[in-house]
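Asks: Dropping a prediction and its sequence here:
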Amino acid sequence: MDDQLKNEEHTGTSRRSFLKKSSLITALAFTPDTVIKAAEKGLDEQIASAIETMPLNVTINGVKQSVRIEPRVTLLDLLRERLHLTGTKKGCDHGQCGACTVHVDGQRVNSCLTLALTTEGRNVTTIEGLADGDNLHPMQKAFLEHDGFQCGYCTPGQIMSAVCCIREGHANTPDEVREYMSGNICRCGAYSNIVDAIMDVKQGGKKV
Amino acid sequence: MNQFSYVRVTSKESAISAMAKDKTAMFLAGGTNLVDLMKSGVTSPERLVDINNVPLATIEETKTGLRIGALAKNTAVAENALVIKHFPLLSQALKAGASPQLRNMATVGGNMMQRTRCHYFYDNALPCNKRNPGSGCGAIGGFTRMHAIFGASDKCIAVHPSDMCVALTALDAVITVAGPKGERKIPFGDFHRLPGDTPEQDNNLQRGELIIAVDIPFNQLSAHTHYLKVRDRASYAFALVSVGAAMQIKGGNIADVRLAMGGVAHKPWRLKEAEAWLKGKSATEENFRKAASMAMTNAKSQGGNAFKLTLAPNTIVEALKTAAAQA
């Protein structure tokens, strides 16, 4: 929203008219009084000053990170936009597709619905943190061997979810894998090969 | 998402006090519904009070039952040995809900507090009495496949989507909440509301109150339980209709029974008349069918969900049959 506002400023359009024209006026009904008053008076700067940042200390793929972020930044946006860890994908951004799946303290979660500030002091693992140097993780190898993808967009989320599916003990049968991988959608429909890859790793008995 | 301020608290006292200071604040637990609603511009708190570090996540046995902390994750409850032993219906219901990722994030209290909702609630371009009281209901006369067949009003026909809450209603759980004036208890069936003229209120939690725990009293119903969820795909979808059934069967007769439904009303829908009728009867399909038909007495279609008038009783019968067949 602030980027859009800044762009309008550069084109010389008054922010107030921009706000009136745009759908943002709906959102304004819910914004803090100070912001609404600032917008009404044309005091555009107060919108920016209303944005506060807070410190966050979080370990990501074994590296301690200290950043200052706005409270509304999701873990997904922190990873992609601030730390440039773009392996984690933004699909639906509403917790419905699983493309953004990462591990927080070893548990798979949707990073798009996780506010980054809630990960203070926690350990986050993304797809970039799964391999051991150039040695791919067994699940990454299995996805390659079984052709567990077509376009590849959902793959990082599928792999992160698949690792937990085995760790949780929910990969005993293909049916169980299908149920416990239901939070990861593949638009290409590589499901049968994904299930094969997970069953292969499970039956191979390697530690994941 | 609109900007908001954020405060992290580590005790229930500081949580309640932080909430009392700001009337536009909301508690943030797992965030799986709230953050989604904030992204959609449906809910816009000016302040979030992050309660994830408040120590309310334990699951423990008491003299009379199990006490589950409000911040216990849905996965932790579903996989808990005490829950599986004493209340398998709760574990089954939790596992039928959402996705593994969401269950790892979502808490028991948050699951209860998720909005009763439908697609029209999420669509800011359309009227919704729940999102914007007095604006009208976009769903009535619209696309009503998912909507209520029980207890709807001319203001709102949305359903509460939780599976966990169906089980907790059936199991006679009791909720403990704490607020500035101290603690109070709410029977689970009295927590969520029917829409009436105030569909913006999903439940009876008062402003500033925090859910502390849910107590489930021990029962003799664990041998015959089944949670049956019918949905548009095999997994990870809201229920069209779901049924939680638990019975105590002695010598082929139903000594005790609990029945509740999801996906059919603005709140988890307990079937007390059907339960009362079934008690003492033999556990036969014929009796299950009669009880199901009794449960449907006041059901009303919205048009697009007319199929639920047939699906719901069939689901009740199937859930009871499966529960009864368990050894």
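Replies: Sure thing, it's come through.
Asks: what's the distance between A:Asn123 and chain B?
Replies: As judged by Cβ to the nearest Cβ, to the nearest Å, A:Asn123 and chain B stand 14 Å apart. The C-beta positions use only the backbone N, C-alpha and C, and glycine is treated the same way.
Asks: Which pLDDT does the model give the residue nearest to B:Gly65 when sequence neighbours are not counted?
Replies: Leaving aside its chain neighbours, B:Gly65 sits nearest to B:Pro217 (4.3 Å; criterion: Cβ to Cβ, 6 or more residues apart in numbering or on different chains). pLDDT recorded at B:Pro217 is 98.
Asks: likewise the one 10 residues further on?
Replies: Listed pLDDT for B:Tyr227 reads 98.
Asks: Got phi/psi on whichever residue of chain B sits closest to chain A?
Replies: Chain B approaches chain A most closely through B:Ser99 (2.6 Å), counting by Cβ to the nearest Cβ. Phi and psi for B:Ser99, reported as degrees, to the nearest 10, are phi -120, psi 160.
Asks: in the longest helix along chain B, what counts as buried?
Replies: The longest helix of chain B (DSSP state H) is helix B:308-325. Counting neighbours by 16 or more other Cβ atoms under 10 Å in any protein chain shown, one finds that the buried residues in helix B:308-325 are B:308, B:311-313, B:315-324.
Asks: so what does it touch, helix or strand wise?
Replies: strand B:224-230, strand B:241-250, strand B:253-262, helix B:285-295 (3 or more Cβ pairs under 8 Å, 6 or more residues apart in numbering or on different chains; DSSP states H and E).
Asks: Can you lay out these as JSON lines showing mean neighbour count and distance to A:Gly87?
Replies: Shown next, in JSON lines, are the helices and strands packed on helix B:308-325 (neighbours: other Cβ atoms under 10 Å in any protein chain shown; distance: least, Cβ to Cβ, whole Å):
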{"stretch": "strand B:224-230", "mean neighbour count": "23", "distance to A:Gly87": "34"}
{"stretch": "strand B:241-250", "mean neighbour count": "25", "distance to A:Gly87": "37"}
{"stretch": "strand B:253-262", "mean neighbour count": "23", "distance to A:Gly87": "37"}
{"stretch": "helix B:285-295", "mean neighbour count": "18", "distance to A:Gly87": "50"}
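Asks: Reformat these as TSV; add distance to chain A.
Replies: Listed next are those as TSV, based on distance: least, Cβ to the nearest Cβ, whole Å:
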stretch	distance to chain A
strand B:224-230	12
strand B:241-250	16
strand B:253-262	18
helix B:285-295	27
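Asks: of all the ones you listed, which lies closest to B:Asn129?
Replies: strand B:253-262 (22.0 Å; Cβ to Cβ).
Asks: and the direction of that closest one versus that of helix B:308-325, what angle?
Replies: Relative orientation of strand B:253-262 and helix B:308-325, computed by axes from the mean of the first three to the mean of the last three Cα atoms, to 10 degrees: 140 degrees.
Asks: tell me the angle strand B:253-262 makes with strand B:224-230.
Replies: Using the same axes, to 10 degrees, strand B:253-262 lies at 30 degrees relative to strand B:224-230.
Asks: Run through the neighbouring helices and strands of strand B:253-262.
Replies: If you count contacts as 3+ Cβ pairs under 8 Å, 6+ apart, strand B:253-262 packs onto helix B:164-170, strand B:241-250, strand B:269-270, helix B:272-278, helix B:285-295, helix B:308-325.
Asks: Touching the host helix or strand of B:Leu102 from outside, list them.
Replies: Taking DSSP states H and E as the criterion, B:Leu102 maps to helix B:100-105. Contact with helix B:100-105 is made by A:95, A:98, A:101, A:107-110, A:113-114, A:161, A:164-165, A:168, A:170, A:180-183, B:30-32, B:73-75, B:78, B:94-95, B:97, as judged by Cβ atoms under 8 Å, 6 or more residues apart in numbering or on different chains.
Asks: which secondary structure element contains the one residue in chain A that gets nearest to chain B?
Replies: Closest residue of chain A to chain B, Cβ to the nearest Cβ: A:Gly183 (2.6 Å). Assigned by DSSP H and E, A:Gly183 belongs to neither a helix nor a strand.
Asks: which stretches of chain A form helices?
Replies: With DSSP H as the criterion, chain A has helices at A:2-11, A:15-21, A:24-28, A:33-41, A:45-49, A:75-77, A:138-145, A:155-167, A:174-180, A:191-204.
Asks: follow-up on the earlier one: and the helix holding B:Leu102, what's buried?
Replies: Counting neighbours by 16+ other Cβ under 10 Å, one finds that the buried residues in helix B:100-105 are B:Pro100, B:Gln101, B:Leu102, B:Arg103, B:Asn104, B:Met105.
Asks: Now tabulate these in CSV and tack on pLDDT and distance to B:Arg8.
Replies: Shown next, in CSV, are these (pLDDT from 0 to 100; distance: Cβ to Cβ, whole Å):
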residue, pLDDT, distance to B:Arg8
B:Pro100, 98, 26
B:Gln101, 98, 23
B:Leu102, 98, 22
B:Arg103, 98, 23
B:Asn104, 98, 20
B:Met105, 98, 17
